[in-house]
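*Asks:* next input, structure requested:
(2 chains)
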There are 2 protein chains.
Amino acid sequence: MLEHGGRLRAAAATYGIALADWLDLSTGINPQGWPVPALPPAVWQRLPEEEDGLLDAAAGYYGNAGLLALPGSQAAIQLLPTLFPPASVACLGPLYQEHPQAWQRAGHRVRELPTLARALAAATPYVLLCNPNNPTARALPRTELLAAAQKLAARGAWLIVDEAFIDPVPAESLASLAGTAAAANLIVLRSLGKFFGLAGVRVGFVFAAEKIRAQLAQRLGPWSVAGPSREVARLALQDSAWQMTARQRLFKDSRRLAALLADLGEVEASALFVIVRSVAAEALHRFFAQRAILTRHYAPQPLLRFGLPGDESGWQRLQAALEIWKKNAV
Amino acid sequence: MLEHGGRLRAAAATYGIALADWLDLSTGINPQGWPVPALPPAVWQRLPEEEDGLLDAAAGYYGNAGLLALPGSQAAIQLLPTLFPPASVACLGPLYQEHPQAWQRAGHRVRELPTLARALAAATPYVLLCNPNNPTARALPRTELLAAAQKLAARGAWLIVDEAFIDPVPAESLASLAGTAAAANLIVLRSLGKFFGLAGVRVGFVFAAEKIRAQLAQRLGPWSVAGPSREVARLALQDSAWQMTARQRLFKDSRRLAALLADLGEVEASALFVIVRSVAAEALHRFFAQRAILTRHYAPQPLLRFGLPGDESGWQRLQAALEIWKKNAV
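*Replies:* Reported below is the predicted structural model:
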C-alpha cells in the first residue's frame, strides 16, 4: 500500500516544530470546506438507507442519475481494476499513484504515457487519466476526451476519468454522460474530498454503465457509506449558493497563489492547487518546511505542489517566507 | 444482494401508517445508543489518519492490539471469503444470511448445520458462526468455542466468529485471543452497531493473524473508515462509564421484555433482543404491525424478533397491544 497522510506529523518530527504551528499547504483540499451543521441523531444510530435523498441530490448536482455512491472515490480506484480481465492499461502520467498500483495489484500491465494521443495509440483495452490531473494540474478539454471515448468505443475499449479536482469547472465534467447511451464505455469518478473540503467524510461517486455499477455495488455490499457522511454529502450537494461562492473564491485565491509563486519556476494552476516545476523543488520544500510551511514535493520529479492558504494570516506567512527566499536567491 | 433496511418504510406503505407513528422493534440495535457530541471540524475536512487514537482505544476495549478497523463488520463479511481458496464452509444455522451469501459469491460451498458438533464433524476447512447468534439468540460458551478452535487448528482449519451482539457480556468474547499465538486460526468480527447503538457510523473490527489483517487492509485501501466515524468510535470505546450503565440497563430491559412476551411462545433472550418461537409468528407480526409496532419475522421460520423499546411510552404501547392479543386469543 502507498504511504499517505501522516505527512504533517512526519514533518513536525523531522523539523522539530509542533503540529499546531504548521501552515499545511501540502494537500489540494479546499481549506474553507462546506460547513458541517449539527446532524440528527438518527444518522449515527440507524443503518443508512438508500432512500435518504442522497442519490437524488447527487443526480441533481452531477446531472446524471446513473450513479453509485461509494466510501470515497478510493473505493472505486480499488475495485474497478478487479472487474476487468487482466490486460494492459494506458495511464496518462505522471498521475495519482493509487490508480496504477491498483491496476497492477489486479494483474494488469500498466503503461504510463505522457499524452492522450500516445495513450490512444497504445491500443490498450483500458485508458485511464485524471482530469484535471494531480500533480501536474494539466486539464484536457471535455470535447477532446469525448472524442477519445468514441474512438475507444469503436474498438471495444474503456475510458476511465478521475475528476476528483473538477468541481470548480463543472462544465468540463464528463459525469453527465458517463455510462449513458452517448458514452457507454466511459467511467467517471467524482469525490467530495477536494472542492467541498470534506476529505474526512469519504463520499465519492462512480458514473458508469449499469452493469459496472451493479458489480461494484455487489463487491461493496450494503451500507458502505456511513449515515452521517451520507447526510453531510446530501446537504453539501444541494447547497448551490455555497458552491457558487466557493468557486469564485477558489479562482481568486488560486490566481493570487499562482502570481505569488510565479518567480519560483514554471507555474501551472488549477483552482485547488498550484504546481511549481523547478530544479530547486527539493530545496524549496526544505526551505518552507524550516519555516513551518508544508508543501508537497513529488520526488524524484522537480514538482512542488502548493495548496491554498485558508486565511489571510496564512497568506502573509507564505508571502513573508517567499520574500526571504527571493532575497537569498539574488 | 440481500434486501435490507427500508423495512419500516415498506411497513408504513403496506399498513398505511405514517413513518413517524411507528414503534420500530425490528432491529437488535440498542435504542439508547452512545450519545454523539459535536465533533471538531477537522474530522470532516481532513483525511483520516491511522494515528488518531482509534486503534489504541479499540485495543483497550477489546483487549487485543492485533486488530483492523473496517467500515462496519459487513466489510469483513464481504472480504474474508475472498481471501481463502474455494472450498466448503460449515455455518451454524440459521444465521445472519450475509455470511453464507458472501461465501457462496466467492465460490465456496456452504453447509448450514444446526450444532457446533456437527459443524466440526463436517471436516470443512472453515467453520463460521455468530455468537450470540442472530436470529436464534443462541450463545455458546467461550470455553467450548476455544476448544473448537484448537480442534480445528490441529487439522489446519479456521474458525470465524461474528460477535456483533456480544458486547453486553464481554467476558464471553474471544476477541482478546483471536489471531494471537493462543488461537492463530481464530478470526473474530466485532461491531459498534448493536451495543453502542451506532449502526450508522459503520465501524467494525477484525481480530485475526497479521497476514489476514494485511490482506484485508490491502483490499480495503486507505481511509476506508470515515473521519467522523473514527472519532465517534474512539470516544465511545473509551467511555467505560457509559458502557457499564448501558449493560445494566440492557439486562434489565431484556428481562422485562422476555417476561412480557413469555406467553407468546418459546422465548429466548439476548441482552439486545428477544426471540419468540411460535407457529403464530406471522399472525403476530401482522397483528403488531396493524398497531404500528414493527417486529421482524424470519419467514419461513416460526421466529419473531423483538428489539427493546427505547422509552416508557414504547413499553406501554407494546404492553397494551399484547393485552389485546391475549384477550383475543382466549
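
*Asks:* my guess is A:Leu235 contacts A:Pro40. True?
*Replies:* No: using CB atoms under 8 Å as the test, A:Leu235 is too far from A:Pro40 to be in contact (11.3 Å). Where you see a C-beta, it was placed from the backbone N, CA and C, and this is true even at glycine.

*Asks:* tell me which of those two has more neighbours.
*Replies:* A:Leu235 (18 against 11; other CB atoms under 10 Å in any protein chain shown).

*Asks:* which residues of the stretch 51-200 of chain A lie near chain B?
*Replies:* A:51, A:71-72, A:74-75, A:77-78, A:98, A:102, A:105, A:193, A:197-200 (CB under 8 Å from any CB of the partner chain).

*Asks:* now with 7 Å?
*Replies:* A:Glu51, A:Pro71, A:Gly72, A:Gln74, A:Gln78, A:Gly197, A:Leu198, A:Ala199, A:Gly200 (CB under 7 Å from any CB of the partner chain).

*Asks:* ok, of those residues, which come out buried?
*Replies:* Buried members of those, counted by 16 or more other CB atoms under 10 Å in any protein chain shown: A:Pro71, A:Gly72, A:Gln74, A:Gln78, A:Gly197, A:Leu198, A:Ala199, A:Gly200.

*Asks:* how about TSV for those residues, with secondary structure and pLDDT added?
*Replies:* As requested, these are arranged in TSV below (DSSP: H, G, I helix; E, B strand; the rest coil; pLDDT from 0 to 100):
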residue	secondary structure	pLDDT
A:Pro71	coil	96
A:Gly72	coil	96
A:Gln74	helix	96
A:Gln78	helix	96
A:Gly197	coil	98
A:Leu198	coil	98
A:Ala199	coil	97
A:Gly200	coil	97
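
*Asks:* can I get those residues in JSON lines with distance to B:Ala121?
*Replies:* Compiled in JSON lines, these are given as follows (distance: CB to CB, whole Å):
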{"residue": "A:Pro71", "distance to B:Ala121": "40"}
{"residue": "A:Gly72", "distance to B:Ala121": "44"}
{"residue": "A:Gln74", "distance to B:Ala121": "43"}
{"residue": "A:Gln78", "distance to B:Ala121": "39"}
{"residue": "A:Gly197", "distance to B:Ala121": "57"}
{"residue": "A:Leu198", "distance to B:Ala121": "52"}
{"residue": "A:Ala199", "distance to B:Ala121": "51"}
{"residue": "A:Gly200", "distance to B:Ala121": "49"}
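
*Asks:* circling back: and which of the residues of the stretch 51-200 of chain A next to chain B is nearest to chain B?
*Replies:* Chain B lies nearest to A:Gly200 out of these, by CB to the nearest CB, at 2.8 Å.

*Asks:* now the closest one. Nearest residue, chain neighbours left out?
*Replies:* Distance criterion CB to CB, 6 or more residues apart in numbering or on different chains; nearest residue to A:Gly200, sequence neighbours excluded, is B:Gly227 at 2.8 Å.

*Asks:* the one you found: neighbour count?
*Replies:* B:Gly227 has 26 neighbours, counted by other CB under 10 Å.

*Asks:* which residues does it contact?
*Replies:* By CB atoms under 7 Å, 6 or more residues apart in numbering or on different chains, the contact set of B:Gly227 is A:Gly200, A:Val201, B:Val43, B:Trp44, B:Arg46, B:Pro48.

*Asks:* which one of these sits closest to B:Asp21?
*Replies:* A:Val201 (31.8 Å; CB to CB).

*Asks:* ok, now which ones touch that closest one?
*Replies:* By CB under 7 Å, 6+ apart, A:Val201 lies in contact with A:Leu192, A:Ser229, A:Val232, A:Ala233, B:Trp44, B:Ala226, B:Gly227, B:Pro228.

*Asks:* what about the strands in the stretch 201-330 of chain A?
*Replies:* Taking DSSP state E, counting those that start in this stretch as the criterion, the stretch 201-330 of chain A contains strands spanning A:204-207, A:266-269, A:273-277, A:293-294, A:296-297, A:303-307.

*Asks:* check which helices and strands the fourth one sits against.
*Replies:* Secondary-structure packing of strand A:293-294 (3 or more CB pairs under 7 Å, 6 or more residues apart in numbering or on different chains; DSSP states H and E): helix A:7-15, helix A:312-329.

*Asks:* and those helices as a markdown table, adding mean neighbour count, mean pLDDT and distance to B:Asp253?
*Replies:* Formatted as a markdown table, these follow (neighbours: other CB atoms under 10 Å in any protein chain shown; pLDDT from 0 to 100; distance: least, CB to CB, whole Å):
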| stretch | mean neighbour count | mean pLDDT | distance to B:Asp253 |
| --- | --- | --- | --- |
| helix A:7-15 | 15 | 91 | 44 |
| helix A:312-329 | 13 | 95 | 52 |
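
*Asks:* now for these, which one comes closest to chain B?
*Replies:* With distances scored as CB to the nearest CB, the stretch of these nearest to chain B is helix A:7-15 (6.4 Å).

*Asks:* in PDB, list the C-alpha atoms belonging to the closest one.
*Replies:* Extracted C-alpha coordinates of helix A:7-15, given in PDB (Å, rounded to 0.1, in the frame of the first residue of the first chain):
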ATOM      1  CA  ARG A   7       3.000  13.800   6.300                       C
ATOM      2  CA  LEU A   8       2.300  16.700   8.600                       C
ATOM      3  CA  ARG A   9       3.100  14.500  11.600                       C
ATOM      4  CA  ALA A  10       6.400  13.300  10.000                       C
ATOM      5  CA  ALA A  11       7.400  16.900   9.100                       C
ATOM      6  CA  ALA A  12       6.700  18.100  12.600                       C
ATOM      7  CA  ALA A  13       9.100  15.400  13.900                       C
ATOM      8  CA  THR A  14      11.800  16.000  11.200                       C
ATOM      9  CA  TYR A  15      11.800  19.800  11.700                       C
END
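
*Asks:* close to chain B, is that helix?
*Replies:* Yes: with CB under 7 Å from any CB as the criterion, chain B is reached by helix A:7-15 at A:Arg9.

*Asks:* show me what that helix is packed against.
*Replies:* helix A:281-290, strand A:293-294.

*Asks:* what about it, distance to the chain center?
*Replies:* Taking CA atoms, centre = their mean, to the nearest Å, one finds helix A:7-15 lying 23 Å from the centre of the chain it belongs to.

*Asks:* got the angle for that helix vs helix A:281-290?
*Replies:* 80 degrees (axes from the mean of the first three to the mean of the last three CA atoms, to 10 degrees).

*Asks:* how about the closest residue to A:Trp315 other than its chain neighbours, phi and psi?
*Replies:* Using CB to CB, 6+ apart and skipping residues adjacent in sequence, the residue nearest A:Trp315 is A:Pro309, 4.7 Å away. When read as degrees, to the nearest 10, the backbone of A:Pro309 gives phi -60, psi 150.

*Asks:* what about A:Pro309, distance to A:Thr295?
*Replies:* Distance, A:Pro309 to A:Thr295, using CB to CB, to the nearest Å: 12 Å.

*Asks:* re the thing from before, could I get the helices and strands packed on strand A:293-294 as CSV with distance to A:Ala157?
*Replies:* CSV is the format used below for those (distance: least, CB to CB, whole Å):
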stretch, distance to A:Ala157
helix A:7-15, 36
helix A:312-329, 44
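
*Asks:* tell me the contacts of A:Ala18?
*Replies:* A:Ala12.

*Asks:* can you give me the pLDDT of it?
*Replies:* Among the per-residue scores, A:Ala18 holds a pLDDT of 95.

*Asks:* on that earlier part again, how many other residues sit next to the residue nearest to A:Trp315?
*Replies:* 22.
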